[in-house]
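Asks: take this sequence and fold it.
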Amino acid sequence: MKGGTIQINWHDTKPVLACDFHPISALLATAGADFDIKLWATVSGIDQKKAPGVTYHSNLSYHSSAVNTLRFSPSGELLASGADGGELILWKSHTTDAGEVWKFLKSLVFHRKDVLDLQWSSDGAYIISGSVDNLCIIWDANKCSVHQILDGHFHYVQGVAWDPLEKYAASFSSDRTCRIYINKHTKTKGVEKTNYVCQHVVSKAESQMTDESKSIRSHLFHDETLPSFFRRLSWSPDGSFLLVPAGSHKSTPTSEPVNTAYVFSRKDLSRPALMLPGASKPIVAVRFCPQRFHLLGTNESSFFKLPYRIIFAVATLNSLYIYDTESAQPIVIAAGVHYAAITDIAWSPTGNYLALSSQDGYCTLLEFDNQELGLPIPVEEKKVVSDANKSPVLPDVVEENKTIDKKNKNADVDSGKERVENSEKEKDENNKDGEEASSPSTREPPSKPAKRRITPMAID
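Replies: This is a model prediction of the structure:
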């Protein structure tokens, strides 16, 4: 692996608030507080044995405020971007003699305040967006109109995710709740219509008292004072599990909170099945590599039971951890890579590039050599995880209160991780209007490199 922070003028020295790779051409799109979207072509550095780079491709200008989020459609034909003031815009790719050109297509109008996150459905027919107006909106991408409004949150919606199997959707808010929606189709005049209803509100878990006779419920997630405007959650590419950032766990009522991310199994989305504790700073974004890989045969961890390896990235305010589902320890740790908060993560379609954007106005680009992450599985060999009891993820986690072997604990550096016991769901709607978080374009002071590893732990 090679890479680092690329010292170029990404967005006129303004914060870079989002990034994403085109699913086919692998162009890197970045969104900035300068109101623009820029497209970049990656330049490999492997042959020259140096860090990768980028070259400027084009600029998309139409927004009138800072652009907080952007995502390409699964087909690569469209790009959706959300900005301050409720702006949500669709861009369309056009092929010309000079090459590919992106042009404004349509404004999606309904959000009254800043759009912080968005995600496409796997078929490209719908978009889900989250906003400072406390709303999640499902848009019909073909009609460019509102399809459904989800208004259950009581504070900013800072992250949204769509199940690749299109059965579930998820939203994450600074009201300290993660809402899971299930698609219950309805028929109107004989026409089947997509309709998402809230199935779970994940908010609190029980912490055992020292005398083991009482327990107290504590919040699973950071409140609105989290120094980030983003809580970007993500589904695994096969739909087997959901990864949620911004966790704050207390194993006992008197213990210090531990920064963590939670893993939710598709078999039970009402409560987390695993946690990734130990980060020195809050986790603000997670993202899965779209490419799956063959198993290595190491079997260090029994937490994931998958016929392939899935790789995912976890970003704290100042560090990056990369995991695979076959290991207990992170396979890559990059600490202190930026002087201000990390805002987004993006994987290239083949998984050979990983990009980070930051409020310091720069992006980091990592390049992985051929098969450095493992042997990729061709598309025709990939198997989609089915629903209900056929999900291969985490079958043993709830059966036994397993934790990492002591030999794995000894490999940690200042981990500070604690065992999680007796966690259960509670539907909790926290109707509290906390103090407003700082603007996404606000810079943070430099932070020291994180020294802690994140190791998965089972939740019983």
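
Asks: you'd agree Lys106 is up against Cys144?
Replies: Yes: using Cβ atoms under 8 Å, Lys106 is in contact with Cys144, at 4.4 Å. (Glycine included, C-beta is placed from N, CA and C.)

Asks: what do these two both touch?
Replies: Leu90 (Cβ atoms under 8 Å, 6 or more residues apart in numbering).

Asks: how close does Thr177 sit to Arg232?
Replies: Distance from Thr177 to Arg232, counting by Cβ to Cβ, to the nearest Å: 16 Å.

Asks: all strands of the stretch 301-450 of the chain, in order?
Replies: Applying DSSP state E, counting those that start in this stretch to the stretch 301-450 of the chain gives strands spanning 311-316, 319-324, 332-335, 342-347, 353-358, 363-367.

Asks: mind putting those strands in TSV, mean pLDDT, mean neighbour count and distance to Pro245 included?
Replies: Below are the strands of the stretch 301-450 of the chain laid out as TSV (pLDDT from 0 to 100; neighbours: other Cβ atoms under 10 Å; distance: least, Cβ to Cβ, whole Å):
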stretch	mean pLDDT	mean neighbour count	distance to Pro245
strand 311-316	97	26	7
strand 319-324	95	24	11
strand 332-335	93	18	17
strand 342-347	98	26	10
strand 353-358	98	26	14
strand 363-367	97	23	18
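
Asks: so between Thr177 and Arg232, which is more surrounded?
Replies: Arg232 (29 against 24; other Cβ atoms under 10 Å).

Asks: what residues does the nearest residue to the more buried one once chain neighbours are set aside make contact with?
Replies: Of all residues not flanking Arg232 in the chain, Ala285 sits nearest, at 4.0 Å (Cβ to Cβ, 6 or more residues apart in numbering). Contact analysis of Ala285 by Cβ under 8 Å, 6+ apart lists 230-232, 245, 314-315, 342-345.

Asks: Ala285 sits in which helix or strand?
Replies: Of the helices and strands defined by DSSP states H and E, Ala285 is found in strand 283-288.

Asks: output that strand as PDB, nothing but the C-alphas.
Replies: Extracted in PDB, the C-alpha atoms of strand 283-288 (Å, rounded to 0.1, in the frame of the first residue of the first chain):
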ATOM      1  CA  ILE A 283     -16.100   7.500  14.500                       C
ATOM      2  CA  VAL A 284     -17.800   9.600  12.000                       C
ATOM      3  CA  ALA A 285     -17.900   7.500   8.800                       C
ATOM      4  CA  VAL A 286     -17.800   3.900   7.600                       C
ATOM      5  CA  ARG A 287     -17.700   2.500   4.000                       C
ATOM      6  CA  PHE A 288     -17.500  -0.900   2.500                       C
END
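
Asks: how far off strand 342-347 does it point, in degrees?
Replies: Here strand 283-288 runs at an angle of 10 degrees relative to strand 342-347 (axes from the mean of the first three to the mean of the last three Cα atoms, to 10 degrees).

Asks: just the buried residues of strand 283-288, please?
Replies: Across strand 283-288, burial judged by 16 or more other Cβ atoms under 10 Å covers 283-288.

Asks: stretch 63-70 now?
Replies: Within stretch 63-70, the residues that count as buried by 16+ other Cβ under 10 Å are 63, 66-70.

Asks: ok, those vs Lys167, which is closest?
Replies: Nearest to Lys167 among those: Thr69, at 23.6 Å, using Cβ to Cβ.

Asks: ok, now which ones touch the closest one?
Replies: 17-18, 31, 81-82, 115-118, 344.

Asks: apply 7 Å and report the result again.
Replies: The contact partners of Thr69, by Cβ atoms under 7 Å, 6 or more residues apart in numbering, come to 18, 31, 81-82, 115-118.

Asks: will you turn these into a markdown table that also has distance to Lys267, secondary structure and pLDDT?
Replies: Listed next are the contacts of Thr69 as a markdown table, based on distance: Cβ to Cβ, whole Å; DSSP: H, G, I helix; E, B strand; the rest coil; pLDDT from 0 to 100:
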| residue | distance to Lys267 | secondary structure | pLDDT |
| --- | --- | --- | --- |
| Ala18 | 32 | strand | 98 |
| Ala31 | 35 | strand | 98 |
| Ser81 | 35 | strand | 98 |
| Gly82 | 32 | strand | 98 |
| Val115 | 32 | strand | 98 |
| Leu116 | 30 | strand | 98 |
| Asp117 | 26 | strand | 98 |
| Leu118 | 27 | strand | 98 |
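
Asks: tell me where this structure has helices.
Replies: 406-410 (DSSP state H).

Asks: which residues of it score low on pLDDT?
Replies: Per-residue confidence for the chain (pLDDT under 70) gives these ranges: 207-214, 299-302, 380-460.
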